[in-house]
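Chemist: Here's a sequence, model it:
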Amino acid sequence: MKIDWAALGSVFGVSLVVTVALVGLFTLGIMGLSRRERAVAQGDSAALAVTGAYACFAACAAAVTYGISLIVA
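Modeler: From the prediction side, this is the model:
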């Protein structure tokens, strides 16, 4: 049995980058929701923050769904 170390390193690198990107995207969604709470407390509108947060969460869900479909296929 021969291990292809280059392929293994490539898979590790891609998974690391995708994981960091998903964590960053989820963090942006959480920050958008916290801005909404802050705006509501001040009596302002926070439609843009909520829309951005939901878009971040939708992108996270789409990426996870795509990853699962790659594993299953």
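Chemist: State the distance from the residue positioned nearest the centre of the chain to L33.
Modeler: For the chain, the residue sitting closest to the mean C-alpha position, by C-alpha atoms, centre = their mean, is L22 at 2.9 Å. Distance of L22 to L33, given as C-beta to C-beta, to the nearest Å: 17 Å. Glycine gets a C-beta too; all of them are placed from N, C-alpha and C.
Chemist: go on, A39?
Modeler: For A39, the distance to L33 - C-beta to C-beta - is 11 Å.
Chemist: just A58 next, same as before
Modeler: From A58 to L33 the distance is 14 Å (C-beta to C-beta).
Chemist: if you count what's nearby, which of the two comes out ahead?
Modeler: Legend: neighbour count by other C-beta atoms under 10 Å for A58 and L33, higher for L33 (17 against 12).
Chemist: Which parts of the protein are helices?
Modeler: Secondary structure of the chain by DSSP state H: the helices cover 5-42, 47-72.
Chemist: Adding mean pLDDT, write these out as a markdown table.
Modeler: Listed next are the helices of the chain as a markdown table, based on pLDDT from 0 to 100:
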| stretch | mean pLDDT |
| --- | --- |
| helix 5-42 | 93 |
| helix 47-72 | 94 |
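Chemist: Give me the neighbour count for L28.
Modeler: 16.
Chemist: swap in the one 10 residues further on?
Modeler: Look at R38: counted by other C-beta under 10 Å, it has 12 neighbours.
Chemist: before we move on, back to that, joint contacts of A39 and L33?
Modeler: A49 (C-beta atoms under 8 Å, 6 or more residues apart in numbering).
Chemist: if we can go back for a sec, check contacts around the residue nearest to the centre of the chain.
Modeler: With contact set as C-beta under 8 Å, 6+ apart, L22 has these partners: 60, 63-64.
Chemist: and with 10 Å instead?
Modeler: Contacts here follow C-beta atoms under 10 Å, 6 or more residues apart in numbering; on that basis L22 touches 59-60, 63-64, 67.
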